[in-house]
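J.: model this:
(chains A and B)
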Amino acid sequence: NAGVTQTPKFRVLKTGQSMTLLCAQDMNHEYMYWYRQDPGMGLRLIHYSVGEGTTAKGEVPDGYNVSRLKKQNFLLGLESAAPSQTSVYFCASTLGGNQPQHFGDGTRLSIL
Amino acid sequence: AQKITQTQPGMFVQEKEAVTLDCTYDTSDPSYGLFWYKQPSSGEMIFLIYQGSYDQQNATEGRYSLNFQKARKSANLVISASQLGDSAMYFCAMRDRGSTLGRLYFGRGTQLTVWP
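T.: Numbering: from 1, shown residues only, chains lettered A, B, ... in the order given. So this is what the prediction gives:
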């Protein structure tokens, strides 16, 4: 009954460091998304994927890269972390159509 | 322009009372879907209810119902018989045909506090 699993749950980085956030879903969903949540801003789309091997930019893609080598996994990378990337990151997936997006529990990332 | 507007940063309701959380949306697409999510203090996003633009009836899910007024472009969430566990942040979201492949536009949320 895993659904959408995000790792890690918490991370503290120094400015300039790199890291990868992993999202895994076991629902055979085609569509996957990465959002960031900042206080008072709701959720904003970073990147998304409509299937294995495909990715595209969302609303706030700068400073991030993504890959979807396997259908069940969607990776979000920060090549050179900046304090402005301190946020809570959510991964979501859906079958599409009228189906809701299912969210992971989030990754709280702090950049010092 | 904001696609989703939630004008109530915070709402308070007494236990067992009903509460309405406001949401207005902006789209010119005749086909769209509206979603409500709950985010408790633990942080996860929980899907509550969905309303499609062509649905003839207002959506209901247990104690949750959606007051859908298409002409006014509003999709307010009604929680009946509030419980202490309903205290959380609530987000309204929309997907329309202009939404890139199912992405959701989120409002900024309403923090609901239920008091005994």
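J.: For chain A, which residues are neighbours of chain B?
T.: Taking C-beta under 8 Å from any C-beta of the partner chain as the contact definition, chain A meets chain B at A:31, A:33, A:35, A:40-45, A:48, A:50, A:56, A:58, A:88, A:90, A:92, A:94, A:96-98, A:100-106, A:108. Backbone N, C-alpha and C define where each C-beta goes, glycine included.
J.: Can you give me the distance of A:Gly106 to A:Leu43?
T.: A:Gly106 is 10 Å from A:Leu43, where distance means C-beta to C-beta, to the nearest Å.
J.: Repeat that for B:Ser53.
T.: According to C-beta to C-beta, B:Ser53 and A:Leu43 sit 21 Å apart.
J.: between these two, who's got more neighbours?
T.: A:Leu43 (28 against 17; other C-beta atoms under 10 Å in any protein chain shown).
J.: Can you pull the phi/psi pair for the more buried one?
T.: Backbone dihedrals for A:Leu43, given as degrees, to the nearest 10, come out at phi -110, psi 140.
J.: Go ahead and confirm it touches B:Phe106.
T.: Yes: counting by C-beta atoms under 8 Å, A:Leu43 sits close enough to B:Phe106 to count as a contact (4.4 Å).
J.: Now do the shared contacts for those two.
T.: In the contact map built from C-beta atoms under 8 Å, 6 or more residues apart in numbering or on different chains, the residues linked to both A:Leu43 and B:Phe106 are A:Tyr35, B:Phe91, B:Ala93.
J.: Quick check: residues of chain B near chain A?
T.: In this structure, chain B approaches chain A at residues B:4, B:33, B:35, B:37, B:43-45, B:47, B:50, B:52, B:91, B:93, B:100-104, B:106-109, judged by C-beta under 8 Å from any C-beta.
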